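pasted the sequence and its predicted model underneath.
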There are 2 protein chains.
Amino acid sequence: MPHFKDLFEETYLKAIYKLNNKSPKGINNITLAKALQLNPATVLEMVRKLTERKLVELQQDKTIHLTESGRKKALSIIRRHRLWEVFLADKLGYSWDEVHELAEELEHVGSDDLINRLENYLGHPKSDPHGDPIPDKKGKLKEEQGMPLMNGVKGKQYIITNFTDTNDQFLQYLSSLQIRPGAKVKFTGMNEYDRSCSLSVGKQQVHLSEKAAGNILVQPV
Amino acid sequence: MPHFKDLFEETYLKAIYKLNNKSPKGINNITLAKALQLNPATVLEMVRKLTERKLVELQQDKTIHLTESGRKKALSIIRRHRLWEVFLADKLGYSWDEVHELAEELEHVGSDDLINRLENYLGHPKSDPHGDPIPDKKGKLKEEQGMPLMNGVKGKQYIITNFTDTNDQFLQYLSSLQIRPGAKVKFTGMNEYDRSCSLSVGKQQVHLSEKAAGNILVQPV
DNA sequence: TTAATACATTTGGTGTGCCAAATTATTTTT
DNA sequence: AAAAATAATTTGGCACACCAAATGTATTAA
């Protein structure tokens, strides 16, 4: 019979890691609870357990931080997730905007040895189908932070690198607009009223909400 | 957050299916509890839930049987398990006696679509690395029952087809004796005292306990 | 400074699978 | 048929993640 503790642990660690990347000052349990779609009481309880396990530290201002070993574990899960995504896309023919949910399950499976073999089999890819970099065995991750498309300069061209929202719905929406990693777009302006953005993708004019444009990362072409 | 009910359900259904294959008359919850290494009280409770879910039927003589839909689910899990085993062996380079435990985890992951794609990617293998046949999408399984090596005739040659114990320890033990699916062996006799068997594998003389020899299935050469 | 708002924590309680131990059949033996 | 062994079931309870709602405790506005 399976042991679930790891699974919960991994889910929490990954969520904390990701939120902490966005807000390096630290996050509170409300934020974490919202991200996990759980009750704050539940999250507090679990965070305490993780603290006992020396994976998480609670600062005196109540912010939640990963310890070094917690960060290691989180990166290991992200590594698994992204390698499975590559597998699903490259080998099984899934498109880049369909792989997230499945990888969410696969990431909790198997040993490090399995993942290392998988990486080898996939030819040591540097990034997953969404353009996100894959941590190496040691947990090293080169974070080439792109700039949010929202902060673009009117008239300039950009290359889509990756996304800060990994939701398959969102990605499929972008995909339908031809917005995918590697694609070239021109920023044609922002509407000051609602901060929505317009851009041209190929010959199409596209309008994106502030939220959407904020979750698309680009590099100057 | 994950939903575990399926996982438990699947574990029970698979165990019942396998035991029922060995004893078609039906099994009791003691046998099932032993196989799952759980308390009979626990198993009884769960079996009742599975009965409510119309996956299992309790006969009046207290034997446990799968319903048609229970059998379907069990076969679907076995299909997943065996396809993942092929993946691990063929693509990631694991040897046939190392794949079971990992497949035990992978079998609970993902959708039927994923498994169908995997099957396609693997080239529609007919059997897994242990020689066991892989059920098709519909749940059809051709059970080419081999004969237990124990029942062999002295002096005759046999081809190893598969095994009725899937434990990796056991398989690795066999592997160390050059006993693997497809291997040719000669049955050289049985010791009546403890029913242990001797055979020749290549140039080696090998002795196996009654239990081991009973779990090795062969076909006349 | 007081009131309002947000956050943090505690309390009591649920569902699910699990167990040990006691009890009640049901078989076997003798 | 009585005794012994085995099987089936019930009972009460544990662990774990989870939640709603109540209660503190800060912060921010008025």
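It's in. Predicted model, so just to flag it, every value in this text is computed and none were measured.

close to chain B: what parts of chain A are there?
A:1-2, A:4, A:7-8, A:11, A:36-38, A:88, A:91-94, A:102, A:105-106, A:109-111, A:114, A:117-118, A:121 (Cβ under 8 Å from any Cβ of the partner chain). The C-beta positions use only the backbone N, C-alpha and C, and glycine is treated the same way.

10 Å instead?
A:1-2, A:4, A:7-8, A:11, A:36-38, A:42, A:84, A:87-88, A:91-94, A:98, A:101-111, A:113-114, A:116-118, A:120-122 (Cβ under 10 Å from any Cβ of the partner chain).

what residues does chain A have near DNA strand C?
Neighbours of DNA strand C within chain A, by Cβ under 7 Å from any atom of the strand: A:1, A:28-30, A:40-41, A:44-45, A:62.

now with 6 Å, please.
Contacts of chain A with DNA strand C, taken as Cβ under 6 Å from any atom of the strand, map to A:1, A:28-30, A:40-41, A:44, A:62.

strands of chain A, start to end?
All strands of chain A, identified by DSSP state E, fall at A:56-58, A:64-66, A:147-148, A:157-163, A:184-190, A:197-201, A:204-208, A:216-220.

next, format these as a markdown table and append mean neighbour count.
Shown next, in a markdown table, are these (neighbours: other Cβ atoms under 10 Å in any protein chain shown):
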| stretch | mean neighbour count |
| --- | --- |
| strand A:56-58 | 18 |
| strand A:64-66 | 20 |
| strand A:147-148 | 14 |
| strand A:157-163 | 20 |
| strand A:184-190 | 18 |
| strand A:197-201 | 19 |
| strand A:204-208 | 15 |
| strand A:216-220 | 19 |
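
columns distance to DNA strand D on top of the ones you listed, output as TSV?
TSV is the format used below for the strands of chain A (distance: least, Cβ to the nearest atom of the strand, whole Å):
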stretch	distance to DNA strand D
strand A:56-58	13
strand A:64-66	14
strand A:147-148	25
strand A:157-163	26
strand A:184-190	26
strand A:197-201	28
strand A:204-208	29
strand A:216-220	29
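
want to throw those strands into TSV with distance to residue B:204 and mean pLDDT?
Formatted as TSV, the strands of chain A follow (distance: least, Cβ to Cβ, whole Å; pLDDT from 0 to 100):
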stretch	distance to residue B:204	mean pLDDT
strand A:56-58	55	95
strand A:64-66	54	96
strand A:147-148	67	90
strand A:157-163	57	92
strand A:184-190	65	91
strand A:197-201	68	92
strand A:204-208	70	90
strand A:216-220	62	92
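
would you mark the buried spots in stretch A:28-40?
Buried residues in stretch A:28-40, defined by neighbour count with 16 or more other Cβ atoms under 10 Å in any protein chain shown: A:29, A:31-33, A:36, A:38.

for those, which one is nearest DNA strand C?
Comparing these against DNA strand C with Cβ to the nearest atom of the strand places residue A:29 closest, at 4.8 Å.
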